[in-house]
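*Asks:* Build the 3D model from these lines:
(chains A and B, ligands or ions: 1)
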Amino acid sequence: MASSDGAVDDASRIRREIEALKNERSDIDRQISDLETQLRGLQSKTEVVHNDGLAAHGLSPDLIYRHSRHLMLPSFGVQGQSKLSKSSVLVVGAGGLGSPALLYLAACGLGKIGIVDHDVVELNNLHRQVIHSEEYIGSPKVESAAAACLKINSTVLITKHQEALRTTNALDIVSKYDIVIDATDNAPSRYLINDCCVVLGKPLVSGAAIGMEGQLTVYNYKGGPCYRCLFPLPPPTTACQRCSDSGVLGVVPGIIGCLQALEAIKIASSVGEPLSGRMLLLDSLSTKIRIVKIRGRSSQCEVCGENSFFTPQHFKGFDYEKFTQTPLSVAPVKLSLLTPDFRITAKEYKQRIVQGEAHVLVDVRPEHHFKIVSLPNALNIPLTMIEQRVGDISSALKEKQPNSSGSSPHLYVVCRRGNDSQRAVQLLHKLGFVAARDIIGGIESWAREVDPKFPTY
Amino acid sequence: MQPVILPTDFTITEPQVAVMDSVEGEIQPQEVSSAATESGSSSIEVKVLFFARARDITGVGHMPLQVSAGSTACDCLDKVVAKFPSLAEIRECMVLAVNEEYAPGSIIVEQGDELALIPPISGG
Ligand SMILES: [Zn+2]
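*Replies:* Okay, the predicted model is just below:
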């Protein structure tokens, strides 16, 4: 016993040391990048003096060599590169879309890049957010992304905005850039960024990906439509959306993010035709890309329409969370549909297993979630199937019926985070299982409170 | 006066391979009892494409849909929603496109048209 306690102490001491060292490192990283920024400012001043008379485009010998393959491209050339070096792009979101977009933007020779993200790097980000690496788990995404960009190109100016974009800070941040890339993952941010771009007259390169599909459009570009012209009404927050989050194949946002970088580069360098008035739909399952011609600017649009007077003041006062019925922060919604009588904690459930209580546990997650990991002896009946499979629940309960005239077996319901389980219990009550209860916080709370080795996803 | 629209059966097929697409224009219009309709006696077939959440709900990438000649995109949508009631919740936020071009709900669809239902995606 004593030796295992000692091992536990050692492990927590080492963890604390790692944490302290990581904090130190990110402080040092920050200092280095600030100094590098200062140095670049000084260097570019001296370079201008040296290159006086060498070339009118203002590209230093180093930059000419670095971007030679751009310069040799007839349709791009010195003119495109020179414009690029004077442009700035703001990337909102350093996740699945923002990762590849930022890497290419850093590499291409843009003048200035801004990164907005309030989140930290987590292990389950790495399969798609390719700008981050294991060593940055737990660090802010803006730090990790900026460091990766500077590794590729130490000459690019990067501004880190370690905060979520909100109505209080968006006008200030967005106004500092020429082009905005929407690489966020939620509806309120998409409307907020669109409206801010309309108010400030900035072109918006909007990308999105989920499952095996992606979408890409350039909004608010030279009189073209805005996001609201196309989607005046936000999608409803559908039931179970939060509890059974949908997955995404890592490379799909990767492709869309690369295309976002491409569109931003085209706009910045005035080369080619941006994807304005058109929407690209990527179906990765069948490897089909469709370009759909979308509507032009809507005169009825509440934000960019002829008769709309959407001012910065309107923007600041607009409640995007209420409009989309979705919180801006990524923290999952915690529903509270049931009274405490009909809920038990994961710890209480564990006790009941230990006591050998006769019961049936129904796991209402989708089947492909159940296959990832499940609690012992759980019966998988997805939320959408409960009504059809009432018989299965009844017969499972009958099987557990004690031979003697003991109390009838209990019925518990679990899901991933404890929202769908409450919906299921409400439904089960209606179907006659009046004593059904749910496990608060789902299998995630089981992993937190009962069994730390239980996998989470 | 509203034309009477006959209820027609739906058939859902699994996503077909690309080669099959060319055959679709050749599907013969079905005969519809003339007693039941005033506005022309034929039905046409359009191909409905589902994207994102619409695809999740229906479980298919596309399906053929028989409607009476003269039907609008909105009529087609009514029929699809009747078949998949869960689509109703995203109906108002979907973009409609006919033959890869934005279309208002009032547009008349023709035999062989492709009607795409495109809800927004938010993820990233
Ligand atoms: Zn608009």
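
*Asks:* Contacts for the helix ranked longest in chain B, please.
*Replies:* If you go by DSSP state H, chain B has its longest helix at helix B:73-83. Here helix B:73-83 makes contact (C-beta atoms under 8 Å, 6 or more residues apart in numbering or on different chains) with B:5, B:10, B:46, B:48, B:58, B:65, B:67, B:87-88, B:91, B:96, B:98, B:103-107, B:109, B:115, B:117. (Each C-beta comes from the backbone N, C-alpha and C, glycine too.)

*Asks:* Phi first, then psi, for residue 70.
*Replies:* Going with chain A. With angles defined as degrees, to the nearest 10, A:His70 sits at phi -70, psi -40.

*Asks:* sorry, should have said chain B
*Replies:* phi 90, psi 0.

*Asks:* so it touches B:Glu110, yeah?
*Replies:* No - using C-beta atoms under 8 Å, B:Gly70 is not in contact with B:Glu110, being 9.8 Å away.

*Asks:* More neighbours: which of these two?
*Replies:* For B:Gly70 versus B:Glu110, neighbours defined as other C-beta atoms under 10 Å in any protein chain shown are more numerous around B:Gly70 (16 against 13).

*Asks:* Quick check: the gap between the more buried one and B:Ile44.
*Replies:* Distance from B:Gly70 to B:Ile44, counting by C-beta to C-beta, to the nearest Å: 9 Å.

*Asks:* And for A:Gly95?
*Replies:* Taking C-beta to C-beta, one finds A:Gly95 at 44 Å from B:Ile44.

*Asks:* So which of those two has more stuff around it?
*Replies:* Each of A:Gly95 and B:Ile44 has its neighbours counted (other C-beta under 10 Å); A:Gly95 has more, 24 against 20.

*Asks:* Excluding residues flanking it in the chain, which one is nearest the more buried one?
*Replies:* Spatially, and ignoring its direct neighbours in sequence, A:Gly95 is nearest to A:Gln129 (5.3 Å; C-beta to C-beta, 6 or more residues apart in numbering or on different chains).

*Asks:* repeat for A:Pro253
*Replies:* Nearest non-adjacent residue to A:Pro253 (C-beta to C-beta, 6+ apart): A:Gly96, at 3.3 Å.

*Asks:* can you list the weak-confidence ranges in the stretch 351-457 of chain A?
*Replies:* A:403-406 (pLDDT under 70).

*Asks:* So which residues of it form strands?
*Replies:* All strands of the stretch 351-457 of chain A, identified by DSSP state E, counting those that start in this stretch, fall at A:359-363, A:378-380, A:410-414, A:437-439.

*Asks:* Check chain B too.
*Replies:* B:43-50, B:62-68, B:95-98, B:101-102, B:114-118 (DSSP state E).

*Asks:* following the lengthiest helix in chain A, which helix or strand comes up?
*Replies:* Assignment by DSSP H gives helix A:2-50 as the longest helix of chain A. Going down the chain from helix A:2-50, the next helix or strand is helix A:61-66, by DSSP states H and E.

*Asks:* dump the residue contacts of the residue in the stretch 351-457 of chain A that chain B sits nearest to.
*Replies:* Nearest residue of the stretch 351-457 of chain A to chain B: A:Thr384, at 9.4 Å (C-beta to the nearest C-beta). With contact set as C-beta under 8 Å, 6+ apart, A:Thr384 has no partners.

*Asks:* ok, now A:Asp363?
*Replies:* Shown in contact with A:Asp363 (C-beta under 8 Å, 6+ apart): A:Phe370, A:Ser374, A:Leu375, A:Ala378, A:Leu379, A:Asn380, A:Ile381, A:Val413, A:Val414, A:Cys415, A:Ile443.

*Asks:* Look up phi and psi at the spatially most central residue of chain A.
*Replies:* For chain A, A:Asp185 is the residue whose C-alpha lies nearest the centre (C-alpha atoms, centre = their mean; 4.1 Å). As for A:Asp185, its main-chain torsions (degrees, to the nearest 10) stand at phi -130, psi 20.

*Asks:* Where does pLDDT dip in chain A?
*Replies:* Low-confidence segments of chain A, defined by pLDDT under 70: A:1-4, A:41, A:44-55, A:238-245, A:330-333, A:403-406.

*Asks:* residues in it within reach of the ion, list them.
*Replies:* Counting by C-beta under 5 Å from the ion, the positions of chain A adjacent to the ion are A:Cys226, A:Arg228, A:Cys229, A:Cys301, A:Cys304.

*Asks:* let's see it at 8 Å
*Replies:* Residues of chain A lying close to the ion (C-beta under 8 Å from the ion) are A:194, A:198, A:219-220, A:225-230, A:297-298, A:301-305, A:308.

*Asks:* Mind checking which of the residues you listed land in strands?
*Replies:* Per DSSP E, the subset of these in strands is A:Tyr219.

*Asks:* give me the subset of the residues of chain A next to the ion touching chain B.
*Replies:* A:Leu230 (C-beta under 8 Å from any C-beta of the partner chain).

*Asks:* Buried members of the residues of chain A next to the ion into ChimeraX, please.
*Replies:* To isolate the buried ones among the residues of chain A next to the ion in ChimeraX, judged by 16 or more other C-beta atoms under 10 Å in any protein chain shown, type:
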select /A:194,198,219,220,225,226,227,228,229,230,297,298,301,302,303,304,305,308
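
*Asks:* Just the residues of chain A next to the ion: which are in helices?
*Replies:* Those of the residues of chain A next to the ion lying in helices (DSSP H): A:Asn194, A:Val198, A:Tyr227, A:Arg228, A:Cys229, A:Leu230.

*Asks:* What are the neighbouring residues in contact with the fourth one?
*Replies:* By C-beta under 8 Å, 6+ apart, the contact list for A:Arg228 reads A:Tyr191, A:Asn194, A:Asp195, A:Val198, A:Ser298, A:Cys301, A:Glu302, A:Val303, A:Cys304.

*Asks:* picking up where we left off before, report the mean confidence score over the longest helix of chain B.
*Replies:* The pLDDT scores in helix B:73-83 average 97.

*Asks:* thinking the residue nearest to A:Gly95 is in contact with A:Ala101, fair?
*Replies:* No - using C-beta under 8 Å, A:Gln129 makes no contact with A:Ala101, being 11.3 Å away.

*Asks:* out of these two, which sits in the more crowded spot?
*Replies:* Legend: neighbour count by other C-beta under 10 Å for A:Gln129 and A:Ala101, higher for A:Ala101 (31 against 27).

*Asks:* Surely that one and A:Gly254 touch.
*Replies:* No - the criterion here is C-beta under 8 Å, and A:Ala101 misses it with A:Gly254 at 9.6 Å.

*Asks:* do you know how far A:Gly418 is from A:Ile439?
*Replies:* Per C-beta to C-beta, A:Gly418 is found 7 Å from A:Ile439.

*Asks:* tell me, what's touching those two both at once?
*Replies:* Taking C-beta under 8 Å, 6+ apart as the criterion, A:Gly418 and A:Ile439 both touch A:Ser445.

*Asks:* mind listing what's buried in stretch A:71-91?
*Replies:* A:71, A:76, A:78, A:80-85, A:87-91.

*Asks:* From the residues you listed, which land in helices?
*Replies:* Filtering the buried residues of stretch A:71-91 for helices - DSSP H - leaves A:Leu71, A:Val78, A:Gly80, A:Gln81, A:Ser82, A:Lys83, A:Leu84, A:Ser85.
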